[in-house]
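Undergrad: Got a sequence here, can you model it:
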Amino acid sequence: MTACFFGVLAGAVLWMDRVFVFQFMVSRPMIMGPLIGLVMGDMRTGILVGVSLELLWLNSPPVGAYLPNDESFCTAVAVPVAVMTASWASPAAAAGLSVLLSLPCSLAGRALDMRLRTMNEGVIAHQANTGEREVSQALIKAVSRAFVMALVLLGFCTFVLGWVSSLVRTIIPDNLITALSIVPFACVMIGLASLVSREMPRKSHAGMFALGLVLVLVLTWML
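TA: Modelled structure (predicted):
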């Protein structure tokens with residue numbers, strides 16, 4: 001439990017790099033994953049999750065007004081869940097299960113990002129005609145609020161998905177858990193395929209991804 005807390009805390013700090021502070025690119029999944037894994041004592045699982053999610057978002061850069069689903073927030077949830085799952089499953093299977101469970105968290109991260117942007121725009125507009133000291137205090141308050149909100153939401157998502165992961169252990173057969181090891185490899189293939197696609201991601205693509213992944217898992221389980 002202590003390791004999970006520090007993992008969530010590290011995830012919140014690294015997520016801030018995405019928009020609000022630093023801008024050192026440490027919020028990328030392939031960087032966040034190993035770092036959170038290192039904090040939790042399981043860097044291997046962190047690498048598997050980070051690389052998988054990094055490749056899934058290869059074709060979704062934040063260009064112009066387009067704001068993609070938040071892969072950084074997804075990673076900050078997926079790695080602690082994967083490390084907890086790795087206590088009873090192989091690292092590859094734990095990474096596969098956590099990636100599948102955590103993908104909806106990218107929507108939660110995007111919603112949080114948009115909410116904070118809206119709130120910060122209001123604060124900056126309100127402080128536009130005040131002194132430099134007031135503006136600095138408003139910025140510090142905005143950054144602190146963003147960190148606290150991210151920490152709370154990350155903790156909630158990690159707790160819920162950690163519970164779901166432990167529940168999955170009791171209701172699905174061991175063969176299917178082993179089949180989840182294919183998910184990181186599938187993410188690599190999907191990411192490479194996205195490099196040759198000229199289209200921006202569409203909502204229908206998510207459905208096709210889910211359907212294809214379920215088919216792969218079923219075939220792997222049966223074989």
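
Undergrad: and the residue nearest the centre of the chain, what element?
TA: In the chain, the C-alpha nearest the mean C-alpha coordinate belongs to residue 74, at 1.3 Å (Cα atoms, centre = their mean). Under the criterion of DSSP states H and E, residue 74 resides in helix 71-85.

Undergrad: Could you list every helix and strand in contact with that helix?
TA: Helices and strands touching helix 71-85, by 3 or more Cβ pairs under 8 Å, 6 or more residues apart in numbering; DSSP states H and E, are helix 2-16, helix 29-40, helix 43-56, helix 91-102, helix 105-126, helix 132-171. The C-beta positions use only the backbone N, C-alpha and C, and glycine is treated the same way.

Undergrad: Turn the ones you listed into TSV, including distance to residue 69, mean pLDDT and mean neighbour count.
TA: Shown next, in TSV, are these (distance: least, Cβ to Cβ, whole Å; pLDDT from 0 to 100; neighbours: other Cβ atoms under 10 Å):
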stretch	distance to residue 69	mean pLDDT	mean neighbour count
helix 2-16	14	93	20
helix 29-40	12	94	23
helix 43-56	10	90	25
helix 91-102	11	91	26
helix 105-126	4	79	16
helix 132-171	14	86	15
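
Undergrad: Can I get those helices in JSON lines including distance to residue 85?
TA: Converted to JSON lines, the helices and strands packed on helix 71-85 look like this (distance: least, Cβ to Cβ, whole Å):
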{"stretch": "helix 2-16", "distance to residue 85": "11"}
{"stretch": "helix 29-40", "distance to residue 85": "12"}
{"stretch": "helix 43-56", "distance to residue 85": "8"}
{"stretch": "helix 91-102", "distance to residue 85": "4"}
{"stretch": "helix 105-126", "distance to residue 85": "15"}
{"stretch": "helix 132-171", "distance to residue 85": "5"}
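
Undergrad: what angle do the helix holding residue 74 and helix 29-40 make?
TA: 40 degrees (axes from the mean of the first three to the mean of the last three Cα atoms, to 10 degrees).

Undergrad: tell me the average confidence for helix 71-85?
TA: Taken as a whole, helix 71-85 has a mean pLDDT of 94.

Undergrad: List the residues that contact residue 146.
TA: Contact partners of residue 146, counting by Cβ atoms under 8 Å, 6 or more residues apart in numbering, are 16, 20, 116, 120.

Undergrad: Repeat that for residue 18.
TA: 27, 70, 72, 113.

Undergrad: helix, strand or coil for it?
TA: coil (DSSP: H, G, I helix; E, B strand; the rest coil).

Undergrad: Per-residue pLDDT of it, please?
TA: Confidence for residue 18, expressed as pLDDT, is 85.

Undergrad: how close does it sit to residue 147?
TA: Per Cβ to Cβ, to the nearest Å, residue 18 is found 12 Å from residue 147.

Undergrad: neighbouring contacts of stretch 92-101?
TA: Outside stretch 92-101, the residues within contact range by Cβ under 8 Å, 6+ apart are 45, 48-49, 52-53, 78-79, 81-83, 85-86, 89, 161, 164-165, 168, 177-178, 180-184, 187, 213.
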